[in-house]
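>>> Just the structure for this:
(one chain, ligands or ions: 2)
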Amino acid sequence: MNLNRLTHAGNQCENCPAHNIPNLKKLGINMDKVDQVIALAGNPNTGKSTVFNNLTGLKQHTGNWPGKTVTRAEGTFEYNTKRFKIVDLPGTYSLLSTSTDEEIARDFILFGQPDVTVIVADSTRLERNLNLTLQVLEITDRAILCLNLMDEAARHRISIDTKQLSKELGIPVIEAEARQKKGMNELLQSIDEIISGRYKCKPFRMNKLSPQIEHSLKQLEVLIKKEFPNMPNSRWVALRLLEGDQKIIDSIRSGEIGLIHSYNQNDLSNNIYEKNTV
Ligand SMILES: Nc1nc2c(ncn2[C@@H]2O[C@H](COP(=O)(O)OP(=O)(O)OP(=O)(O)O)[C@@H](O)[C@H]2O)c(=O)[nH]1
Ligand SMILES: [Mg+2]
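Ligands and ions are numbered 1, 2, ... in the order given. The predicted structure is shown next:
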């Protein structure tokens, strides 16, 4: 094996533009004075932690099997002089899922009030990944779809019309190969455009509900807001109540849902980050 050549290739790679994103400072776990919060959501094994590591310089656990990230981890970076907290979440297929890992992701997406939610999707399994994407678009006005693993998609001869997808979803769609650090600059630019208001998302929403259901939802929402005034996404909670979601019913009865909201508003201690790394 020619080690010289390998080392040289490594150095070349370190110098290539993908490794040196302009205007990005990776700040690790320094949580001082954060301006904006970004959530990394997505199905399991789509490259969320790889994106997180690229932007923060941290070493969140990655590997080629689903379910590696089991709790939420936080890191920071600075881009164009703004400071961002970015939250790496466990993978989830749906906001209605009930496994512990998936609940952690769901709770942050719903109640953590991220300024922008980046949905990291596996480009080779776009259809399956769009399920969560559409659910996230129901509850937020500011989201980005990061089509990751584009190298794998190309290998499988899958091509995606990202412009059309972006038009139909009403949000930016960014092509990425996070393991090769490709697309990170475009992702950051897109986050910046949304935060500054230069890009206005018009998220695709499912068909309208019937007037009767809308009426019941409104009534329930008023009651929920009375009990939990600061809780975001009361409409989503009201919908779950109408559907008879027992866990949500129980957490409303016990008041726990209010605690979930405040837990998700707080910074995590470094301990939690440590537990989730190798
Ligand atoms: N080929 C290819 N592999 C990638 C890319 N991005 C990430 N990976 C690999 O995909 C695997 C999963 O990446 P992770 O970052 O751990 O994925 P995750 O979404 O955090 O996974 P969970 O935490 O289990 O949900 C790892 O082996 C990464 O090296 C990419 O763009 N192309
Ligand atoms: Mg992960």
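>>> all helices for the stretch 101-250 of the chain, in order.
If you assign secondary structure with DSSP state H, counting those that start in this stretch, the helices in the stretch 101-250 of the chain sit at 126-139, 150-155, 162-169, 184-196, 211-227, 234-243, 246-254.
>>> of the ones you listed, which approaches Asp32 most closely?
With distances scored as Cβ to Cβ, the stretch of the helices of the stretch 101-250 of the chain nearest to Asp32 is helix 184-196 (18.8 Å). All C-beta atoms are positioned from the backbone trio N, CA, C, and that covers glycine.
>>> In a markdown table: the helices of the stretch 101-250 of the chain, plus mean pLDDT, mean neighbour count and distance to Gly42.
Formatted as a markdown table, the entries for the helices of the stretch 101-250 of the chain read as follows, by pLDDT from 0 to 100; neighbours: other Cβ atoms under 10 Å; distance: least, Cβ to Cβ, whole Å:
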| stretch | mean pLDDT | mean neighbour count | distance to Gly42 |
| --- | --- | --- | --- |
| helix 126-139 | 95 | 17 | 7 |
| helix 150-155 | 98 | 16 | 15 |
| helix 162-169 | 98 | 14 | 15 |
| helix 184-196 | 97 | 20 | 13 |
| helix 211-227 | 94 | 13 | 28 |
| helix 234-243 | 93 | 18 | 19 |
| helix 246-254 | 91 | 13 | 22 |
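>>> Identify whichever of those helices lies nearest to ligand 2.
If you check each of the helices of the stretch 101-250 of the chain against ligand 2 by Cβ to the ion, helix 126-139 wins as the nearest, at 14.6 Å.
>>> measure the residue of the chain found nearest ligand 1 to Asp151 for me?
Taking Cβ to the nearest ligand atom as the measure, the point where the chain comes nearest ligand 1 is Gly91, at 2.8 Å. With the distance defined as Cβ to Cβ, to the nearest Å, Gly91 ends up 20 Å from Asp151.
>>> which strands and helices sit next to the strand or helix carrying Arg83?
Assessed by DSSP states H and E, Arg83 sits inside strand 82-88. With contacts defined as 3 or more Cβ pairs under 8 Å, 6 or more residues apart in numbering; DSSP states H and E, strand 82-88 has these neighbours: strand 36-41, helix 48-56, strand 73-79, helix 184-196.
>>> Tell me the residues of the chain that contact ligand 2?
Near ligand 2, the residues belonging to the chain are 48-49, 68-69 when assessed by Cβ under 5 Å from the ion.
>>> among these, which two are most distant?
The most distant members of the residues of the chain next to ligand 2, if one measures by Cβ to Cβ, are Lys48 and Lys68, lying 9.6 Å apart.
>>> Who has more neighbours out of the two?
Here Lys48 and Lys68 are compared on neighbour count by other Cβ atoms under 10 Å; more neighbours surround Lys48, at 31 against 19.
>>> Under the pLDDT cut-off, which ranges of this protein? List them.
Flagging of the chain using pLDDT under 70 yields the residue ranges 1-19, 207, 267-278.
>>> Show residues contacting the strand holding Arg83.
Counting contacts by Cβ atoms under 8 Å, 6 or more residues apart in numbering, the residues outside strand 82-88 that touch it are 27, 31-40, 48-49, 52, 55-56, 60, 69, 72-78, 108, 112, 114, 191-192, 195, 267.
>>> what does stretch 240-248 give?
Stretch 240-248 is contacted by residues 96, 98, 213, 216-217, 220, 237, 249, 252, 257 when judged by Cβ under 8 Å, 6+ apart.
>>> hmm, back to that, for ChimeraX, write the select line for the buried members of the contacts of strand 82-88.
Here is the ChimeraX command that selects the buried residues among these (16 or more other Cβ atoms under 10 Å):
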select :27,31,34,36,37,38,39,40,48,49,52,55,56,60,69,72,73,74,75,76,77,78,108,112,114,191,192,195
